[in-house]
Structures are given as C-alpha cells and as structure tokens.
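# Got a predicted structure plus its sequence, pasted below:
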Amino acid sequence: MKTLISLFLLISFTASAQKLDRKQMYSYSDDVEFRIYAIQKSRTADRNQEVFVAEKGQRFFTIVFEFKNKSSEAQVIDFEKIFIKDKDGNLHEVDLVVMSMKLTTSIKKFQQKLKANKKRKIIAQFIPPLPKKELIKTLVIDGTEIELKYN
C-alpha cells in the first residue's frame, strides 16, 4: 500500500525533475499517442514489502505517461515493449506499472487496456538504476527509438 500511495503522489507533482515539453505528443501506435507528464528519480523502490536501495549516485527512474486512445476500440499498451535508453545505449526495462488504482507487479499484467477515446495516466518504474544526473533522451518502443523533447 505504501508503494501505491507514493507512486500516486508522483502524479500530483506539477514540475518534473527534467524540464520536458509536456505538450509534445508521441506515437505509441496508429491509434494511441502519449505524452510524458513527468520523469522522477528515487533512491529506493518498494516491491512486495521489500525495499531496494540504489547504490550511491544511482537512482530508479519513474516516468508518468499520459496515453490517449484515438480509436473507437479498446487498445492494449504493452509495457514489456517500452524501454528507456541511457547515454551508453543500454536499455532499461519497466519493472512496475501503476494504472489508476490497479497495481501491477506481475510480468503477465504489463499489458494495460485503454478504453476507446479515453486518456489515462500510467506510471512506469524502470530498472536497473541509472546515474542520478542522467538525462533521459530516448525511449524505445517495440524497437523504434523516440527522441524526447525538452524545453
């Protein structure tokens, strides 16, 4: 429950640690687009009542996405296909997904349904930790690189 509350507090932050262009829309698929609401960094990560602590100078990165389904049918967002790419070209995978009041920690539930013509904020935390001063410049979605826009 502590994890759920702390992750939902991320949504309430109005300023991102990295100054993203929040108005910039990116394509997830033909029918789904998204924007990045925030990128946050944390020294700890809670998983099933176990706390993981990043090494000194490292942080777990969390991205708050806002997905928009432009179609008249439900669409699936597959977080197993979403990665952040670090400055060395290494990919970091999603380890935790939170959508509304649904906490997903099972790899089998990394696919989230987005109802027709709806928007939804979804929080994803990535592993392994990155250097705390790292600037996330690239997302990789199903093998396609997406360069993020900053102000």
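Looks like it came in fine.
# wait, is E73 part of a helix?
No - counting by DSSP: H, G, I helix; E, B strand; the rest coil, E73 is not part of a helix but coil.
# ok, it - contacts?
Contacts for E73 were tallied using CB atoms under 8 Å, 6 or more residues apart in numbering; they are 31, 116. Just so you know, the C-beta spots here come from the backbone N, C-alpha and C atoms, and that holds for glycine as well.
# Just the pLDDT for it.
pLDDT recorded at E73 is 97.
# same deal with Q111?
For Q111, the predicted pLDDT is 88.
# doesn't D78 make contact with it?
Yes - between Q111 and D78 a contact is recorded at 5.0 Å, counting by CB atoms under 8 Å.
# now stretch 139-149: how far from the chain's centre is it?
Relative to its chain's centre, stretch 139-149 lies at 12 Å (CA atoms, centre = their mean, to the nearest Å).
# burial count for K23?
Other residues lying near K23 total 8 when counted by other CB atoms under 10 Å.
# Give me the three-state assignment for it.
What three-state DSSP gives for K23 is coil.
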